[in-house]
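Colleague: quick one, structure for this:
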Amino acid sequence: MKDKKYNISVEATLEVIGGKWKCVILCHLTRGKKRTSELKRLMPNITQKMLTQQLRELEEDGVINRIVYNQVPPKVEYELSEYGRSLEGILNSLCTWGEKHITKVYGDPSGILEESILNEHLKQ
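Modeller: Numbering: from 1, shown residues only. I've put the predicted structure just below:
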């Protein structure tokens, strides 16, 4: 990794949280530990393969912790690591900007945003 060079530091950020699903996964994990099946239910459009891949990459980057419980049947949960918690401000800012963008482009966000625990604050 010593030979790696970035033009600007945001490239390093996007290398870790970039892509369609990583920020969505991280936003859900800001609300607490989740099992893979819970994340899949919260993100019905993600494939199981993609979810598994994204979780592995986030774990490799130290942003989430994978907790394996020694029981039958096996139980695995994911949570934000302490390092991952440092992304909460960025994630909140991305959500706020997205809400403003949706309102600007489409008007009322309730017709555009799916029902989700993360969108509850938009209900009036």
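Colleague: quick one: residues contacting residue 19.
Modeller: residue 54 (C-beta atoms under 8 Å, 6 or more residues apart in numbering). For the C-beta atoms, the positions are set from N, CA and C on the backbone; glycine is no exception.
Colleague: let's go with 10 Å and repeat that
Modeller: 25, 50, 53-54, 57 (C-beta atoms under 10 Å, 6 or more residues apart in numbering).
Colleague: would you list those residues in a markdown table and tack on neighbour count?
Modeller: Formatted as a markdown table, the contacts of residue 19 follow (neighbours: other C-beta atoms under 10 Å):
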| residue | neighbour count |
| --- | --- |
| 25 | 24 |
| 50 | 14 |
| 53 | 14 |
| 54 | 21 |
| 57 | 18 |
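Colleague: in helices, which of those residues appear?
Modeller: 25, 50, 53-54, 57 (DSSP state H).
Colleague: distance to residue 3 and pLDDT added to those residues, as JSON lines?
Modeller: Listed next are the ones in helices among the contacts of residue 19 as JSON lines, based on distance: C-beta to C-beta, whole Å; pLDDT from 0 to 100:
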{"residue": "25", "distance to residue 3": "29", "pLDDT": "97"}
{"residue": "50", "distance to residue 3": "29", "pLDDT": "97"}
{"residue": "53", "distance to residue 3": "25", "pLDDT": "97"}
{"residue": "54", "distance to residue 3": "26", "pLDDT": "98"}
{"residue": "57", "distance to residue 3": "21", "pLDDT": "97"}
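Colleague: out of the residues you listed, which comes closest to residue 39?
Modeller: residue 25 (6.4 Å; C-beta to C-beta).
Colleague: roughly how far apart are the nearest residue to the closest one once chain neighbours are set aside and residue 107?
Modeller: Ranked by C-beta to C-beta, 6 or more residues apart in numbering and with sequence neighbours excluded, the top spatial neighbour of residue 25 is residue 54, at 5.9 Å. Noted for residue 54: a distance of 31 Å to residue 107, by C-beta to C-beta, to the nearest Å.
Colleague: ditto for residue 3
Modeller: Applying C-beta to C-beta to residue 3 and residue 107 gives a distance of 49 Å.
Colleague: more neighbours: these two, which one.
Modeller: Between residue 3 and residue 107, counted using other C-beta atoms under 10 Å, the more crowded position is residue 107 (10 against 4).
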